[in-house]
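S.K.: dropping the sequence and predicted coords here.
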Amino acid sequence: MSDIKRLASQTAVYGIPTIVGRFLNYFLVPLYTYNIATQDYGVVSELYAYVAFLMIILTYGMETAFFRFSQDYDKSKVYNTALFSLMVSTTLFLLITFLSLSPICSAMQYSNHKTYIALFLIILALDALRAIPYALLRRENMAKRFAFIKTVDIFSNILFNLFFIALCPILYDKGFYIITSWFNPNDLVLYIFISNCLASFISFILLIPQFSQFRFNIDFKVLKRMLVYGFPVMIGGLAGMVNETFDRIALKHLVTIPDNITDTAKIAEYKMSQIGIYGACYKLSIVISLFIQAFKFAAEPFFFSKMKQQDAKKSYSEVMTAFVIFLCFIFLIVMGYIDLFQYFMGKDYRIGIMVVPILLMANIFLGIYYNLSIWYKVSDKTKYGAYIALIGAAITLIGNYFLVPILGYKGAAWTTLICYFVISLLCYLIGQKFYPVAYKVKRIAFYILFSLGLYSVMYYLQDNIQNIMLRLAINTALIIVYLILCYILDFKKIIKQK
């Protein structure tokens, strides 16, 4: 079986529960946006943005370091060393943050919601501790068990949300106080966080067989090398997370307040409302992110296993082309059926729908960057990944500073696209110097431009054809044209490979 077919198969195993589960999780968006005010959903978006940053710090590149050094050292020793390091650092993190809970809440302007922050600290600790056991499953190609635990994690989160957000308010309104005496219908945001915490704990329990493999067989020399390798990965991850999440944080501080809003409470409400609208619309672009995540689960161990083989660079090139083809297909699916996708959000949120194509295209370039980044991981030049990510972070900070006050959340979306395009271009140019791979640049550019051209036709039809069914039919035909072209140019060869 060809490398592309093998990687596609692994991506499917990792991705089906992730994508299907997350897609079901995606249905939580209408659950939230139809039941929670925009400013309250803004709280959820903002806190999850902070959590994303902290997860990078708490794992400090250990996952990637585990994959890299398990190629050169005894796998069990590397596993024990990595897990020991995370257990120590996570315990210290919990102790320090819980002892400083009040000042932390005050600094984040959540003094009245300490429970939110406490729950997130627990979620962070559980997620950090799970990182290496999950990596072990991927390293051992135990994709089915990995997928099972991820599925339980996702589905349990969904079920808890449905129970707390959908069922409990109904029972409370109907007077079933014996069952819901503990329930507070005025703070549904709290139950979003409780659901996440419970789901994380369940998946933590399911990983006990992997935790039980831990032995106090720690090699501190290997740990030192892993930390040196992982630190630039962490810096790059933090800078990358600035690119992914800082826009939601920036909106709170940089968005321009309309002249007719002068009351302090109304200003705060407006700011959180803008974050909520942008965060909900960002969810529509996350379809591509779901595939990228599933791909990363399969690709990272695959890329490292190929690194010493003669045909490694050829495989990397072929994978990149197939990857871009699929991302562009997802882009066309979302934009072709945007008339339907928009109903996943409450009416008050749809005003921000214009940022979706911008964010989708941004995520395509993010996916390209993830593919390109393999060069500095296999060549042990992770410092260049940190440099590139820091440049991206600078673009994000500067772009948001200038564009958000002018364009609002649309400025945040354009900044995201500019950032991901630049870092993918830089990663390609620098990588060709240190670890040259003959990527099919012209073919990749063609697919991106062709999908943008088809989207331009869809956009024109949206403004000029009122009949939704006719628009959807034409958009479907355009997507089929894209698939036929992909088959003729590339997929026909891939399918024939053995």
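M.R.: Good, I have the coordinates.

S.K.: tell me the pLDDT of the closest residue to Cys281 other than its chain neighbours.
M.R.: Nearest residue to Cys281 in three dimensions, chain neighbours excluded: Gly352, at 4.2 Å (CB to CB, 6 or more residues apart in numbering). For glycine as for every other residue, the C-beta is placed from the backbone atoms N, C-alpha and C. Predicted confidence (pLDDT) for Gly352: 87.

S.K.: show me where the stretch 351-498 of the chain has helices.
M.R.: 356-372, 374-378, 382-407, 409-434, 441-464, 468-486, 492-496 (DSSP state H, counting those that start in this stretch).

S.K.: the residue positioned nearest the centre of the chain: what's it in contact with?
M.R.: By CA atoms, centre = their mean, the mean C-alpha position of the chain lies nearest to Ser289, the distance being 5.5 Å. Residues in contact with Ser289 (CB atoms under 8 Å, 6 or more residues apart in numbering) are Asn363, Leu366.

S.K.: so which strand or helix has it?
M.R.: Under the criterion of DSSP states H and E, Ser289 resides in helix 264-306.

S.K.: what mean pLDDT would you report for that helix?
M.R.: Helix 264-306 carries an average pLDDT of 78.

S.K.: now for the helix or strand just after that helix, which elements pack on it?
M.R.: Next helix or strand after helix 264-306 toward the C-terminus (DSSP H and E): helix 312-336. When contacts are defined as 3 or more CB pairs under 8 Å, 6 or more residues apart in numbering; DSSP states H and E, helix 312-336 sits against helix 3-26, helix 264-306, helix 356-372, helix 441-464, helix 468-486.

S.K.: please identify the most buried of the ones you listed.
M.R.: helix 356-372 (a mean of 24; mean count of other CB atoms under 10 Å).

S.K.: what about it, distance to the chain center?
M.R.: Distance, stretch centre to chain centre, for helix 356-372: 11 Å (CA atoms, centre = their mean, to the nearest Å).

S.K.: report the inter-axis angle for it versus helix 312-336.
M.R.: 170 degrees (axes from the mean of the first three to the mean of the last three CA atoms, to 10 degrees).

S.K.: for helix 356-372, packing partners?
M.R.: Packing contacts for helix 356-372, counted by 3+ CB pairs under 8 Å, 6+ apart, involve helix 264-306, helix 312-336, helix 409-434, helix 441-464.

S.K.: what angle sits between the host helix or strand of Pro232 and helix 409-434?
M.R.: If you go by DSSP H and E, Pro232 is part of helix 220-254. Helix 220-254 and helix 409-434 meet at an angle of 150 degrees, taking the same axes, to 10 degrees as the criterion.

S.K.: chain center to helix 220-254, what's the gap?
M.R.: Averaging C-alpha positions (CA atoms, centre = their mean) puts helix 220-254 14 Å from its chain's average.

S.K.: state the mean pLDDT of it.
M.R.: 82.

S.K.: likewise stretch 107-127?
M.R.: Here the average pLDDT along stretch 107-127 is 85.

S.K.: next, the buried residues of that stretch.
M.R.: Within stretch 107-127, the residues scored as buried using 16 or more other CB atoms under 10 Å are 110, 113, 116-127.

S.K.: in which helix or strand does Thr151 reside?
M.R.: Judged by DSSP H and E, Thr151 forms part of helix 143-161.

S.K.: packing partners of that helix?
M.R.: helix 3-26, helix 28-33, helix 114-139, helix 188-206.

S.K.: which of those helices has the lowest mean pLDDT?
M.R.: Among those, helix 3-26 carries the lowest mean pLDDT (a mean of 61).

S.K.: re earlier: what's the first helix or strand after the helix holding Thr151?
M.R.: helix 168-173.

S.K.: what separates that following helix from the chain centre, distance-wise?
M.R.: Distance of helix 168-173 from its chain centroid, counting by CA atoms, centre = their mean, is 33 Å.

S.K.: packing partners of that helix?
M.R.: Using 3+ CB pairs under 8 Å, 6+ apart, helix 168-173 sits against helix 177-180.

S.K.: check which residues of the helix it packs on are buried.
M.R.: Residues Thr180 are the ones in helix 177-180 that count as buried (16+ other CB under 10 Å).

S.K.: how far is that helix from where the chain is centred?
M.R.: That offset, for helix 177-180, works out to 37 Å (CA atoms, centre = their mean).

S.K.: what mean pLDDT would you report for that helix?
M.R.: Per-residue pLDDT values over helix 177-180 give a mean of 76.

S.K.: can you tell me the closest non-neighbouring residue to Phe246?
M.R.: Thr396 (5.3 Å).

S.K.: picking up where we left off before, go through the helix holding Thr151 and flag the buried ones.
M.R.: 143, 146-147, 149-158, 160-161.

S.K.: what angle separates it from helix 264-306?
M.R.: 170 degrees.

S.K.: does Val481 touch Leu454 like I think?
M.R.: Yes - with contacts counted by CB atoms under 8 Å, Val481 reaches Leu454, the gap being 7.3 Å.

S.K.: sorry, back to before: helices and strands around the helix holding Pro232, which ones?
M.R.: Counting by 3+ CB pairs under 8 Å, 6+ apart, helix 220-254 packs on helix 38-59, helix 62-69, helix 75-99, helix 264-306, helix 382-407, helix 409-434.

S.K.: report the rounded mean pLDDT for the last one.
M.R.: Per-residue pLDDT over helix 409-434 has a mean of 94.

S.K.: quick one: stretch 251-266 to chain centroid distance?
M.R.: Using CA atoms, centre = their mean, the offset of stretch 251-266 from its chain centre is 29 Å.

S.K.: export it as PDB, just CAs?
M.R.: Output of stretch 251-266 as PDB, limited to C-alpha atoms (Å, rounded to 0.1, in the frame of the first residue of the first chain):
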ATOM      1  CA  LEU A 251     -11.500  41.900  20.600                       C
ATOM      2  CA  LYS A 252     -12.300  42.600  24.300                       C
ATOM      3  CA  HIS A 253      -9.600  45.300  24.500                       C
ATOM      4  CA  LEU A 254      -9.400  46.700  21.000                       C
ATOM      5  CA  VAL A 255     -12.900  46.700  19.500                       C
ATOM      6  CA  THR A 256     -14.300  50.100  18.800                       C
ATOM      7  CA  ILE A 257     -17.400  50.900  20.900                       C
ATOM      8  CA  PRO A 258     -20.300  52.600  19.000                       C
ATOM      9  CA  ASP A 259     -21.000  56.200  19.900                       C
ATOM     10  CA  ASN A 260     -24.500  55.400  21.100                       C
ATOM     11  CA  ILE A 261     -23.200  53.000  23.800                       C
ATOM     12  CA  THR A 262     -22.000  55.000  26.800                       C
ATOM     13  CA  ASP A 263     -23.100  53.000  29.900                       C
ATOM     14  CA  THR A 264     -20.200  51.100  31.500                       C
ATOM     15  CA  ALA A 265     -22.200  47.900  31.800                       C
ATOM     16  CA  LYS A 266     -23.500  48.100  28.200                       C
END
